[in-house]
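>>> model the structure of this input:
(2 chains)
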Amino acid sequence: MSSLSATIQNVFNEPGCGKNANKSEAERKKGCTKQLQPGGAAGGCAFDGAKVALQPLTDVAHLVHGPIACEGNSWDNRGAASSGSQIWRTGFTTDINETDVVFGGEKRLYKAIKEIIEKYDPPAVFVYQTCVPAMTGDDINAVCKAASAKFGKPCIPVNSPGFVGPKNLGNKLAGEALLDHVIGTVEPEVTTPYDLNIIGEYNLSGELWQVKPLFDELGIRISACISGDGRYKDVASSHRARAAMMVCSKAMINVARKMEERYGIPFFEGSFYGIQDSSDSLREIARLLVERGAPADLLDRTEAVIAREEAKAWAAIEPFKKRLTGKKVLLITGGVKSWSVVAALQEAGMELVGTSVKKSTKEDKERIKELMGQDAHMIDDMAPREMYKMLKDAKADIMLSGGKSQFVALKAAMPWLDINQERSHAFMGYIGMVKLVAEIDKAIYNPMWEQLRKRAPWETASNNWQAKAIAQANAEAAALAADPVAAEAARRAKKICHCKSVDLGTIEDAIKAHGLTDVAGVREHTNASGGCGACAGRVEDILAGQKAPAELLQAAE
Amino acid sequence: MAKVTIGKKACAVNPLKMSQPIGGSFAFLGLRGAMPLLHGSQGCTSFGLTLFVRHFKEAVPMQTTAMSEVATVLGGYENVEQAILNIYKKQKPEIIGICSTGVTETKGDDVDGYIKLIREKHPELANYPLVYVSTPDFKDAFQDGWDKTVAKMVEVLVDKPTSTRRDPARVNVLPGCHLTPGDIEELRTIFEDFGLEPSFLPDIGGSLDGHIPDEFTPTTIGGIGLEEIAVMGSASWTIAIGAQMKRAAEAMQARTGVPYRLFERLCGLLPNDEFMSFLSEISGRPVPAKYRRQRGQLADAMLDAHFHIGGRKLAIGAEPDLLFDVASMLHDMGAEISVAITTTQSPVLERMPCDEVLIGDLEDLETRAKERDCALMMTHSHGRQAAARLKIPFYRIGFPMFDRLGAGHLLTVGYRGTRDLVFALANLIIADREDNHQPTPDTWIDPWKDFQQASPEAAVVAPLH
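Numbers count the residues shown, from 1 in each chain, chains lettered A, B, ... in the order given. Reported below is the predicted structural model:
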């Protein structure tokens, strides 16, 4: 059994992650975590991440060992859907008190497991470690081991106390718990050549079920989904699947890669967001399964399904074109969905503001992911007033983003649609994209906006809050323009790398001082692009901008 | 008179309780231009933040000292210092309210000491309003966090009066955390109708009522200002609402000499009669006609609703003050409080109109409601699963209420608030009877089964009005 810190090191050293492979040895050790800034951090902790990743396992009791905050403040807050057991929505916690802090909470934890098994009899109990018992030294591995032996029921320790890092680290630590204690512990009753694992999909709003009928039609069997609508036994026996799809997010890449290593299950990274991505993913699944011995006719059958579904989807989007052509969308999201959503919106005739990407080449796809990732970072750090000005300047008709920015959009009487994980609509597969377009249409054409944008009878054009916000922003801009020193300071203070919190000035100084010419050099001296790597493009732009005068000088000579 | 018992389970199932530091942060959210800061790992803040956002459907300011494993072990001075400096520079709040958490209390961080050092090291912060409250997660509950924080605000932010002259129109109001922004607004109107000028500490009615702000700020958008808190010593009275506020009211009296009056309940006919009489007495004005009319409306609502509420067995899970207030009102209308579950100790629990109050969780509420055949469940949104399993009507009270809209505007106070609550509950019961309890030819096939089970004292007679 490796220690928690060894596991974390191991998780950081992920060869399956392209970004990680590009880093230097020292950077790799630091991991892919965003530097947490006291007083400036947002987002959940590692415990949150672990719970998010595993909680969609529906028939398991999830027991949180810690004070009331960790479970009491957070239980039953996820939109994942279950086709069977509801025990995953039951909140279990040891709710430790002062006595447990002083004398240790292991006995309470053991008793808690016993009570759960007696009352609820789940196929397994997952035990989550949290900060306080991690500090006082409660050994949840030992308690789980003893409880498993005594009660003859798997008790799975999930070692991911909040203070070891942010949410995405917790996702990976959850994966390690599955790899160490669950996957491969049970042999499946039946296997077929069409057995597929889906990794990193949480079945939010039941969106997995938008795609599952297509699998059923093709005879593809989901042997385990980790972890959306998952069952303990399915995950425990998922090592016999023929192929795996890692849903386009790096959260559980360690699970996919290690299952390939250990059990020879090939995987690919795909997504069911967007029409093109759905087709690509279905093709890839068929190809992998046939490669692993499924009858070759699966390929043709898959193509037939793809052709039919695509035709249906485009036909369903067609009627919206007239209404949506020329409408401007401000899309702000990181990660998986940005690209796929862009393609569908463009197909519906909508225009994207805030990015310069026009066409659907592979490079554009990478670029847009990068851009949107940066924008998502930015908006997290943005003051609401600046955000309002951005919305106003963009002259957008609708904003699509994650939950946090919604209140600014809504208070600015700007139609808004949630496309991140808290959303209540399912947008997966072919039907999902059509639903997204329909939702956008519904939002933009709601007659309410017209009323809300009207001033109250006692307001004048200059004394309402919108005008004030804009006036304030303009005043600040004017003040900057009048003061070159402050303007330069503001220019230099622009954040380039949000992960490592590096500003433009620092990078420029480093380039000048050390004569840097490439991103690697900048990373070495300033740490910029040492996190998620999404800002490498900006750093390149800065390098190009700095180089230009020198080259001009040379040319002049 | 109730016996108060403490649950003996090792495992809390479906918690009713929420943690102390977010109760504390909630109180800070009622100050103008405030930024609550939790000293703990970032999850401590994000869970609380998510709760508030889902409940109020508003952007909520809240920050974290983002304690890492190493910082937690070595002590969090630098994190507290950096967090305060970053917030001071970036969001420029008028006040930073700091609550500790389980992590930093286990280590034993001396935050008061830290703040002293930080003030010495950074002269710009020497007089900057920083209020710190110790609120370990592994002790007490949400309500306790709120009351400790308000008491601390009084001690730190209220000036000692320089003269003994008091303004007869000014009253301090210390509301418990069980009151909604809507309740606060209702009370504000009532005070103003008596010609009184109330200062609510804290004032979530001003900050979390869901208004569109005049300008965008990254801090709270409304609430009581520091200058108004500072002069609370010149008020003629302090009115505390909910037993939890006794600590803060006593702190106010000790600091300023302003006498206080505690109203444990403001839901129901008699508590509001008492409240109105008191306001009439201190303001020297008769009770306005509006409230005389509202009293009549409440009395009539009680008459109409007692047919439905009277004799019903209710299962209620809530923090002590809300539980006591609402349960007492319903008991006064002939309901039977069959199950009462709460989160933490309080002097009001012994006076609950039922046999037993259990400090427990929603599993306790569910199993007892089932055993005792309750006809209505009342608790926060997390009770939805239990009520669905028991197939009984469900009324959401307390915090959090994340699966319905308008949580901030639900009323329990005043004649009017009580009237609306009584109607809402009676309507739920009527709808349930229509949907699920229509008589069929088989309804009386075994007519005596209910009578064999019921004990004589379980039969409740609705009091005459």
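
>>> all contacts plus neighbour counts: C-alpha atoms, from now on.
Noted.

>>> how about the stretch 51-200 of chain B: which residue is closest to chain A?
For the stretch 51-200 of chain B and chain A, the shortest gap (Cα to the nearest Cα) falls at B:Ala83, measuring 3.8 Å.

>>> could you find the closest non-adjacent residue to that residue?
For B:Ala83, ignoring the flanking residues on the chain, the nearest one in space by Cα to Cα, 6 or more residues apart in numbering or on different chains is A:Gly39 at 3.8 Å.

>>> could you report the neighbour count for that neighbour?
For A:Gly39, the number of neighbouring residues by other Cα atoms under 10 Å in any protein chain shown comes to 28.

>>> contacts only, for it.
Counting by Cα atoms under 8 Å, 6 or more residues apart in numbering or on different chains, A:Gly39 makes contact with B:37, B:63-66, B:82-87.

>>> mean confidence for the helix or strand the residue of the stretch 51-200 of chain B closest to chain A falls within?
Using DSSP states H and E, B:Ala83 sits in helix B:77-90. Over the span of helix B:77-90, the pLDDT mean works out to 95.

>>> packing partners for that helix?
Helix B:77-90 is packed against helix B:111-121, with contacts defined by 3 or more Cα pairs under 8 Å, 6 or more residues apart in numbering or on different chains; DSSP states H and E.

>>> now the element after the longest helix belonging to chain A, going C-ward?
Taking DSSP state H as the assignment, the helix of chain A that covers the most residues is helix A:297-324. On the C-terminal side of helix A:297-324, the closest following helix or strand by DSSP H and E is strand A:328-332.

>>> what about whichever residue of the stretch 151-300 of chain B sits closest to chain A, how many residues close to it?
Nearest residue of the stretch 151-300 of chain B to chain A (Cα to the nearest Cα) works out as B:Asp214 at 4.7 Å. By the criterion of other Cα under 10 Å, B:Asp214 has 15 neighbours.

>>> hang on, the earlier thing: give me the distance from the longest helix of chain A to the chain's centre.
Counting by Cα atoms, centre = their mean, to the nearest Å, helix A:297-324 is centred 27 Å from the centre of its parent chain.

>>> now that helix: buried residues?
By 16 or more other Cα atoms under 10 Å in any protein chain shown, the buried positions in helix A:297-324 come out as A:298-299, A:302, A:305-306, A:309-310, A:313-314, A:316-317, A:320-321, A:324.

>>> cool, stretch B:139-159 as well?
In stretch B:139-159, the ones that count as buried by 16+ other Cα under 10 Å are B:139-159.

>>> please apply the same query to stretch B:396-415.
Per 16+ other Cα under 10 Å, stretch B:396-415 contains these buried residues: B:396-402, B:407-415.

>>> from the buried residues of stretch B:139-159, list the ones also adjacent to chain A.
Restricting the buried residues of stretch B:139-159 to those adjacent to chain A (criterion: Cα under 8 Å from any Cα of the partner chain) gives B:Lys139.

>>> of the buried residues of stretch B:139-159, which belong to helices?
Applying DSSP H to the buried residues of stretch B:139-159, the entries found in helices are B:142-157.

>>> what residues sit buried inside the helix or strand harbouring A:Gln451?
In this assignment (DSSP H and E), A:Gln451 forms part of helix A:448-453. For helix A:448-453, the neighbour count (16+ other Cα under 10 Å) marks no residue as buried.

>>> so that helix, near chain B or not?
No - contact between helix A:448-453 and chain B, assessed by Cα under 8 Å from any Cα, is absent, since the two come no nearer than 11.2 Å.

>>> pLDDT of that helix, averaged?
The predicted model gives helix A:448-453 an average pLDDT of 84.

>>> export that helix as PDB, just CAs?
Backbone C-alpha positions of helix A:448-453 (Å, rounded to 0.1, in the frame of the first residue of the first chain) are rendered in PDB as follows:
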ATOM      1  CA  MET A 448     -39.600  38.700 -21.300                       C
ATOM      2  CA  TRP A 449     -36.300  40.300 -22.200                       C
ATOM      3  CA  GLU A 450     -38.000  43.200 -23.900                       C
ATOM      4  CA  GLN A 451     -39.900  44.100 -20.700                       C
ATOM      5  CA  LEU A 452     -36.800  43.700 -18.500                       C
ATOM      6  CA  ARG A 453     -34.700  45.800 -20.700                       C
END
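
>>> and the buried residues of stretch B:396-415, which two are the farthest apart?
Taking every pair in the buried residues of stretch B:396-415 and measuring Cα to Cα, the maximum separation is 26.5 Å, between B:Phe402 and B:Tyr415.

>>> quick one, what contacts the closest residue to A:Leu436 other than its chain neighbours?
Ranked by Cα to Cα, 6+ apart and with sequence neighbours excluded, the top spatial neighbour of A:Leu436 is A:Phe427, at 6.0 Å. Shown in contact with A:Phe427 (Cα under 8 Å, 6+ apart): A:207, A:273, A:433, A:435-436.

>>> for chain A, what are the nearby residues on the stretch 301-450 of chain B?
Residues of the stretch 301-450 of chain B lying close to chain A by Cα under 8 Å from any Cα are B:His382.

>>> all strands of the stretch 301-450 of chain B, in order?
Along the stretch 301-450 of chain B, counting by DSSP state E, counting those that start in this stretch, strands occupy B:313-317, B:336-342, B:356-359, B:376-379, B:394-396.

>>> possible to save the ones you listed as TSV with distance to A:Lys494 and mean pLDDT?
Rendered in TSV, the data for the strands of the stretch 301-450 of chain B read as follows (distance: least, Cα to Cα, whole Å; pLDDT from 0 to 100):
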stretch	distance to A:Lys494	mean pLDDT
strand B:313-317	50	98
strand B:336-342	50	97
strand B:356-359	52	98
strand B:376-379	48	98
strand B:394-396	46	98
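
>>> for these, give me a markdown table that also has distance to A:Glu260.
Below are the strands of the stretch 301-450 of chain B laid out as a markdown table (distance: least, Cα to Cα, whole Å):
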| stretch | distance to A:Glu260 |
| --- | --- |
| strand B:313-317 | 49 |
| strand B:336-342 | 50 |
| strand B:356-359 | 50 |
| strand B:376-379 | 48 |
| strand B:394-396 | 48 |
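
>>> surely B:Arg384 is in contact with B:Ile392?
No - in this structure B:Arg384 lies outside contact range of B:Ile392 using Cα atoms under 8 Å: 10.1 Å.

>>> where does pLDDT dip in the stretch 251-400 of chain A?
Low-confidence regions of the stretch 251-400 of chain A, defined here as pLDDT under 70, cover residues A:332-340, A:354-385, A:387.

>>> three-state assignment of the residue nearest to B:Ala83?
Secondary structure assignment for A:Gly39 (DSSP: H, G, I helix; E, B strand; the rest coil): coil.

>>> could you do the one 3 residues further on as well?
Secondary structure, three-state DSSP: A:Ala42 is coil.

>>> so it touches B:Ser46, yeah?
Yes - the pair A:Ala42 / B:Ser46 is scored as a contact, 7.0 Å apart, by Cα under 8 Å.
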